[in-house]
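[1] how does the following fold in three dimensions:
(2 chains)
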Number of protein chains: 2
Amino acid sequence: MHILVLGGAGMVGRKFIQRLARDGQLGGRPVDKITAQDVVAAEKPEGAPFAFEAVVSDMSVPGEAEKLVASRPELIVHLAAIVSGEAEADFDKGYRINLDGTRYLFDAIRAIGDGYKPRLVFTSSIAVFGAPFHDKIADEFHTTPLTSYGTQKAIGELLLCDYTRRGFFDGVGIRLPTICVRPGAPNKAASGFFSNIIREPLNGVEAVLPVSETVKHWHASPRSAVGFLIHAATMDTAAIGPRRALTMPGLACTVAEQIEALRKVAGEGVVARIKRVPDPVIDGIVAGWPRDFEATRAPALGFKAESSFEEIIRVHIDDELGGNFVR
Amino acid sequence: MHILVLGGAGMVGRKFIQRLARDGQLGGRPVDKITAQDVVAAEKPEGAPFAFEAVVSDMSVPGEAEKLVASRPELIVHLAAIVSGEAEADFDKGYRINLDGTRYLFDAIRAIGDGYKPRLVFTSSIAVFGAPFHDKIADEFHTTPLTSYGTQKAIGELLLCDYTRRGFFDGVGIRLPTICVRPGAPNKAASGFFSNIIREPLNGVEAVLPVSETVKHWHASPRSAVGFLIHAATMDTAAIGPRRALTMPGLACTVAEQIEALRKVAGEGVVARIKRVPDPVIDGIVAGWPRDFEATRAPALGFKAESSFEEIIRVHIDDELGGNFVR
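    Numbering: from 1, shown residues only, chains lettered A, B, ... in the order given. Predicted coordinates for the structure are as follows:
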């Protein structure tokens, strides 16, 4: 099968493609070719048993989506997005990429017609929800985002459902939890500390905790995120019905619980590298974020995530650190 | 003040402008001018104490919205839309008018900048909700429309909230109940019978009831719809917060209760003009529609509707029939 990945050079895109390189198949069908689109060139994983094409393009330029779908990939995984902070800083760019780009893609698929009806996996985010919340956000809670990014993702979900209902493709929308532990260098995203306080101490480096330990948030590992994509790509969609945007399972835990898990997995010496430097601005931002969910539909449909933060840390040590860390 | 009404030749637009012609003011401020845009020429109400301009244009043509807002109207009422049936029959046209047209309007306002921040009243519909529902749909229930029209309206609500949050205008989104009794000739909309079975018998004409009398639906009169617009145009929006899309109050009643109210108001002879001709197709469509709401935010913010179907019938007899009907 031929798979098109939009945003294929990003963290989740790379891991998804690496997993397919290892598995060689998806849902029991051999993967023949992957086309990975992004604004920078995606790299072919070593030893990948499939043809690989990296396309560098801007999805928000009319005509680019048509080129990508012209060869009729059977599966399209749409991960391309301007992230929250940038979509807030550059209003036009956020709408151009996250809304127009998505619509160009959907319309390009529709324009082919002629029985072409690919599976389309669209990644959304818990940013579609905006405070105030209930303690646990249920699957039927309304999407009232408080960022332009969240607005664009919520609109993408609505379009996904309507285009699916109309029969133009077979869409599955997955609302990702915050991905933790995020590999790579610390970034300045307001959510960065959730990963920084685990990843950096395991590397022997100090990390700053800018918020109270009582802050609760909703997490899943990068490995789970890839698992969500694979399940969304291969599941029987008849079971979903018309509500195609699904809140993925995740793990709600407080920062204190994150630290306690780190202590159990890696010891007191590692935990001692977390420095408390309260930042009221970040505290204020985080206060508006979802804390916990009652995600019942996605698990019932077979989506799985970690059940403890210790497990999330162990996944990180296994997948990113080759099983080792700095004690 | 200068008011721009998009969709000013439609039923609700005309009644809104007629009401302003009677009142001469809005929220205590004299109305100096009304610009009424539509695809056909809106008519100036007789004796209107304000300047009136009818603009015939297609909102989905780039550049048209800019022309409409160039004179910086203080209030913009956006009623223009392709209705449900047509948006379902013509996918491109629905998205072009209901989504692109709305976005062109919002972006044209934003492009003026320079402190221009009008009140913008956007009309949405209970079609943003899609079955299955709870018995009463709460304000926090998610919007999972089952029509392209409902999808386009739900997207408009999301854009309204985001553009308001970003400070480009001061938006209020009002989700209208089914408007009943709708004046004019019977139409072929699947919802038409809710009005037909009241309006036609009062005119001395037979009307067809295609569904079971147990069907329950959510109604408000045209007079209430105009009241919603006026309140949305003049209320203190600080009290709303960022969730600007409000389910308007309405009256839930069954067809049996509609008929009983008609009997009380107009007598057995009028009711006898209702003919039962079951139509399984219409029955099936109506089964997917919202039946009842627990709309708490809008009434708390001062929006008001009828509290009995008898009242809805009396409003129709007063406003459309000069107080008389055919016994």
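
[2] start to end distance for stretch A:53-65?
    Stretch A:53-65 has its terminal residues 15 Å apart, counting by C-alpha to C-alpha, to the nearest Å.

[3] give the buried residues for it.
    A:A54, A:V55, A:S57, A:M59, A:S60, A:E64, A:A65 (16 or more other C-beta atoms under 10 Å in any protein chain shown). In this view, the C-beta of every residue, glycine as well, is placed from N, C-alpha and C.

[4] so who does A:R72 touch?
    A:H2, A:I112, A:Y116, A:P118 (C-beta atoms under 8 Å, 6 or more residues apart in numbering or on different chains).

[5] same check, this time on A:E310
    A:A261, A:K264, A:V265.

[6] for chain A, what spans make up the helices?
    A:11-23, A:64-69, A:84-89, A:91-94, A:102-112, A:148-165, A:192-202, A:222-234, A:255-266, A:268-271, A:280-287, A:297-300, A:309-321 (DSSP state H).

[7] deepest of the ones you listed, which one?
    helix A:148-165 (a mean of 26; mean count of other C-beta atoms under 10 Å in any protein chain shown).

[8] what mean pLDDT would you report for that helix?
    The average pLDDT within helix A:148-165 is 98.

[9] stretch A:299-313 too?
    98.

[10] stretch A:187-199 too?
    89.

[11] on that earlier part again, save the helices of chain A as CSV, and put in distance to B:P183 too.
    As requested, these are exported to CSV (distance: least, C-beta to C-beta, whole Å):
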stretch, distance to B:P183
helix A:11-23, 55
helix A:64-69, 45
helix A:84-89, 45
helix A:91-94, 42
helix A:102-112, 37
helix A:148-165, 31
helix A:192-202, 58
helix A:222-234, 49
helix A:255-266, 60
helix A:268-271, 72
helix A:280-287, 50
helix A:297-300, 43
helix A:309-321, 61
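
[12] now for those, which one comes closest to B:H134?
    helix A:297-300 (15.8 Å; C-beta to C-beta).

[13] ok, residues contacting the closest one?
    Against helix A:297-300 from outside (C-beta under 8 Å, 6+ apart): A:D139, A:I174, A:R243, A:L246, A:T247, A:M248, A:P249.

[14] could you measure from the last one over to A:A154?
    It stands for A:P249. As judged by C-beta to C-beta, to the nearest Å, A:P249 and A:A154 stand 20 Å apart.

[15] on that earlier part again, from the contacts of A:R72, pick the one nearest chain B.
    The nearest member of these to chain B, counting by C-beta to the nearest C-beta, is A:I112 at 14.9 Å.

[16] wait, the closest one sits on A:V69?
    Yes: A:I112 is in contact with A:V69 according to C-beta atoms under 8 Å; the separation is 6.4 Å.

[17] any idea which residue of the stretch 201-327 of chain A lies closest to chain B?
    A:R243 (4.9 Å).

[18] list the contacts of A:D319.
    A:D319 touches A:P183, A:S221, A:P222, A:R223, counting by C-beta under 8 Å, 6+ apart.

[19] with A:A81 instead?
    So A:A81 contacts A:G7, A:I97, A:N98, A:T123, A:Y149, A:Q152, A:K153 (C-beta under 8 Å, 6+ apart).

[20] and with 10 Å instead?
    Contact analysis of A:A81 by C-beta atoms under 10 Å, 6 or more residues apart in numbering or on different chains lists A:6-7, A:10, A:59, A:87, A:94, A:97-98, A:101-102, A:123-125, A:149, A:152-153, A:156.

[21] within reach of chain B, which of those residues are there?
    A:G94, A:Y149, A:Q152, A:K153, A:G156 (C-beta under 10 Å from any C-beta of the partner chain).

[22] looks like the second one contacts A:G85 (just checking).
    It refers to A:Y149. Yes: with contact defined as C-beta atoms under 10 Å, A:Y149 counts as touching A:G85 (8.2 Å).

[23] joint contacts of the two?
    The overlap between the contact sets of A:Y149 and A:G85 (C-beta under 10 Å, 6+ apart) consists of A:G94.

[24] lowest confidence element among the helices and strands of chain A?
    helix A:280-287 (a mean of 88; mean pLDDT, DSSP states H and E).

[25] does any part of that helix sit near chain B?
    No: Helix A:280-287 does not reach chain B (C-beta under 10 Å from any C-beta); its nearest approach is 14.3 Å.

[26] could you export that helix as CSV, CA atoms only?
    Below are the C-alpha coordinates for helix A:280-287, written out as CSV (Å, rounded to 0.1, in the frame of the first residue of the first chain):
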residue,chain,number,x,y,z
PRO,A,280,3.2,33.2,37.0
VAL,A,281,2.8,33.7,33.3
ILE,A,282,3.2,29.9,32.6
ASP,A,283,1.1,29.2,35.6
GLY,A,284,-1.7,31.4,34.2
ILE,A,285,-1.5,29.7,30.7
VAL,A,286,-1.6,26.2,32.2
ALA,A,287,-4.6,27.1,34.3
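
[27] ok and that helix relative to helix A:255-266, angle-wise?
    90 degrees (axes from the mean of the first three to the mean of the last three C-alpha atoms, to 10 degrees).

[28] helix A:280-287 - contacts with which helices or strands?
    helix A:192-202 (3 or more C-beta pairs under 10 Å, 6 or more residues apart in numbering or on different chains; DSSP states H and E).

[29] how far out from the middle of the chain is the helix it packs on?
    18 Å (C-alpha atoms, centre = their mean, to the nearest Å).

[30] so what does that helix touch, helix or strand wise?
    Using 3+ C-beta pairs under 10 Å, 6+ apart: helix A:192-202 touches strand A:178-179, strand A:207-209, strand A:216-220, helix A:255-266, helix A:268-271, strand A:274-276, helix A:280-287, helix A:309-321.

[31] measure stretch A:296-315 end to end?
    End-to-end for stretch A:296-315, by C-alpha to C-alpha: 24 Å.

[32] now do stretch A:52-66
    End residues of stretch A:52-66 are separated by 19 Å (C-alpha to C-alpha).

[33] and it, what's its mean pLDDT?
    Rounded mean pLDDT across stretch A:52-66 is 97.

[34] ditto for stretch A:37-45
    On average, stretch A:37-45 scores 97.

[35] kindly report the same for stretch A:208-222.
    Per-residue scores along stretch A:208-222 average to 96.

[36] that one: which residues count as buried?
    A:V208, A:L209, A:P210, A:V211, A:V215, A:K216, A:H217, A:W218, A:H219, A:A220, A:S221, A:P222.

[37] just checking, the last one touches A:P183?
    Spelled out, that is A:P222. Yes: using C-beta under 10 Å, A:P222 is in contact with A:P183, at 6.9 Å.

[38] from the chain's centroid, how far away is stretch A:10-17?
    That offset, for stretch A:10-17, works out to 10 Å (C-alpha atoms, centre = their mean).

[39] ugh, wrong one, stretch A:54-64
    On C-alpha atoms, centre = their mean, the centre of stretch A:54-64 falls 21 Å from the chain's centre.

[40] got the CA coordinates for that stretch in CSV?
    C-alpha atoms of stretch A:54-64 as CSV (Å, rounded to 0.1, in the frame of the first residue of the first chain):
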residue,chain,number,x,y,z
ALA,A,54,10.3,13.2,0.5
VAL,A,55,8.2,16.1,-0.8
VAL,A,56,9.1,19.6,0.4
SER,A,57,6.1,21.8,-0.1
ASP,A,58,3.7,24.3,1.5
MET,A,59,0.3,22.8,1.9
SER,A,60,-1.4,26.2,1.9
VAL,A,61,-0.4,26.9,-1.7
PRO,A,62,-3.3,26.1,-3.9
GLY,A,63,-2.5,23.1,-6.2
GLU,A,64,0.1,21.4,-3.8
